[in-house]
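Undergrad: Predicted model and sequence follow; I will ask about them next.
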Amino acid sequence: MSKYSSACVAGKGRWQTMSSPSIEESSPRVMERKGGQMNGVHGIHTQQDFDPSAAPPFRIAEIRAAIPDHCWVKNPWRSMSYVFTDFLVVFVLVAAALYFNNWHFWPLYWVGQGTMFWALFVLGHDCGHGSFSDNLTLNSVVGHILHSSILVPYHGWRISHRTHHQNHGNVEKDESWVPLPEKIYKNLETGTRILRFTLPFPLFAYPIYLWYRTPGKKGSHFNPYSELFAPNEKKFVMTSTACWMVVASFLVYLCFLIGPLQMLKLYGVPHLIFIVWLDCVTYLQHHGYEQKLPWYRSKEWSYLRGALTTVDRDYGLFNKIHHDAGTHVMHHIFPQIPHYHLVEATEAAKAVLGKYYREPKKSGPIPFYLLNTLLRSFKEDHFVSDTGDIVYYQTDKDLYKFYKTTKSA
């Protein structure tokens, strides 16, 4: 077996999985000194006697039964009120930026408008899930308006995101921030590895993902003939790509009308901040928990086990601004629940979920603590074993030496 093989051991007729130690603690010598259990390839010891990869003793139906009936109700008027409110804030911010038009105000505008672009994305995301309303036409129209305005191909992304939800936590089939198998990782050029796992570069990855997906996967969210899509989905992708091109063309026209520098300040910089928000939040929804969480293959994977590997986060004052995007576990179990009911549904389900639900660390008004979580995860979570049906992220020690050298330089 490889030195970086699965963090699983067979025992007593079932798979037993324990939490992974820190990088320094994972050497065999340190594990022996600490009396940790070992599988001969990667030191693993128990944490609080709870195995997060063990099949849960409850079923989805039990979680569903614990959630109040009104949490399932989609109110299109309420959903539209969020859309109108968010667009109103966007236009007010533009008006304020044009009125003040000084370098004291522009940075505040960029952060505020980038955050609002991210909020628009979350509402369009709800349209794609059908949690916005029960009206498919309304979902599609509003979703196209929301996503096209921030240069996201609505149907192209909706379909790939559906694949992510149907296969969450599955190394072989997941679509979003899926870990690279060791073989694919080791075939990446050193420069690519460094860029992929060195902040801030990964936080600008979303446009590249839309055009090219991730290493080991082919296709584009703009190409109706991409392997991302079934033949009967081509017309949807063509519609969304056409909408994207209309908005992109309009933005180019505005560059000629008011000047590229003004457009960069009004739209370009906020769009970059939106991308950072998107990459940061979506990455932390599936990575960076203090105890390493499992990824699955083959028969060990199930919809429920995959959903239970997701992570809730507290974003302080941004929780309601970005429509509770940090309440992610319940969203992955039941993506049809509207965002404005997710917190209540999560609270109701905790009694069933037990230790399989991990309480998010409480944030201050600004979630600065998540920066350390990002840094730690990008330094430690690089690839998973090519073999094994339950695997954990492992660390490229050479890349870790790069971080050490950079820090001491």
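TA: Noted; the coordinates are in hand.

Undergrad: can you tell me the helix or strand for the residue nearest the centre of the chain?
TA: Against the mean C-alpha coordinate of the chain, by CA atoms, centre = their mean, the closest residue is residue 282 at 1.9 Å. Using DSSP states H and E, residue 282 sits in helix 269-284.

Undergrad: Other residues contacting that helix?
TA: 109-111, 113-118, 121, 150-151, 176-177, 200, 202-207, 311, 313, 315, 322, 325-326, 370, 373-374, 377 (CB atoms under 8 Å, 6 or more residues apart in numbering). Using the backbone N, CA and C atoms, a C-beta is placed for each residue, glycine as well.

Undergrad: now the residue nearest to the centre of the chain: how far from residue 130?
TA: Distance of residue 282 to residue 130, given as CB to CB, to the nearest Å: 19 Å.

Undergrad: Could you do residue 56 as well?
TA: From residue 56 over to residue 130 (counting by CB to CB), the distance is 26 Å.

Undergrad: Tell me which of these two has more neighbours.
TA: Per other CB atoms under 10 Å, whichever of residue 56 and residue 130 has more neighbours is residue 56, with 19 against 16.

Undergrad: Correct me if wrong: that one contacts residue 303.
TA: No: Residue 56 lies out of contact with residue 303 (CB atoms under 8 Å); the separation is 11.3 Å.

Undergrad: Which helix or strand lies directly C-terminal to the helix holding residue 282?
TA: Counting by DSSP H and E, what follows helix 269-284 is strand 295-296.

Undergrad: Now tell me what touches that following strand from outside.
TA: 53, 169-171, 179, 302, 305-306, 309, 384, 389-393.

Undergrad: So which residues of the stretch 101-250 of the chain form helices?
TA: 106-129, 136-149, 154-166, 182-186, 190-196, 206-212, 234-258 (DSSP state H, counting those that start in this stretch).

Undergrad: Select from the ones you listed the stretch with the lowest mean pLDDT.
TA: Lowest mean pLDDT of the helices of the stretch 101-250 of the chain: helix 190-196, a mean of 84.

Undergrad: In that one, which residues are buried?
TA: 193, 196 (16 or more other CB atoms under 10 Å).

Undergrad: and if you look at stretch 220-230?
TA: 220-224, 226, 228-229.

Undergrad: repeat for stretch 156-165
TA: 156-161, 164-165.

Undergrad: Please apply the same query to stretch 254-274.
TA: Buried, per 16+ other CB under 10 Å, within stretch 254-274: 255, 262-263, 265-274.

Undergrad: same deal with stretch 133-142?
TA: 133, 139-140, 142.

Undergrad: Report the two of the residues you listed separated the most.
TA: 133 and 140 (10.5 Å; CB to CB).

Undergrad: What are the contacting residues of stretch 200-208?
TA: Outside stretch 200-208, the residues touching it (CB under 8 Å, 6+ apart) are 195-196, 272, 275-276, 278-280, 283, 378.

Undergrad: Skipping adjacent residues, who's closest to residue 328 in space?
TA: With sequence-adjacent residues excluded and distances taken as CB to CB, 6 or more residues apart in numbering, residue 328 is closest to residue 285, at 4.4 Å.

Undergrad: Now do the phi/psi pair for the one you found.
TA: Backbone torsions for residue 285, taken as degrees, to the nearest 10, come to phi -70, psi -20.

Undergrad: Can you get me a residue count around it?
TA: Counted with other CB under 10 Å, residue 285 comes out at 22.

Undergrad: Let the chain start at 20 from now.
TA: In the new numbering, first residue 20, that becomes residue 304.

Undergrad: Would you confirm that it contacts residue 330?
TA: Yes: if you go by CB under 8 Å, residue 304 and residue 330 touch, sitting 6.0 Å apart.
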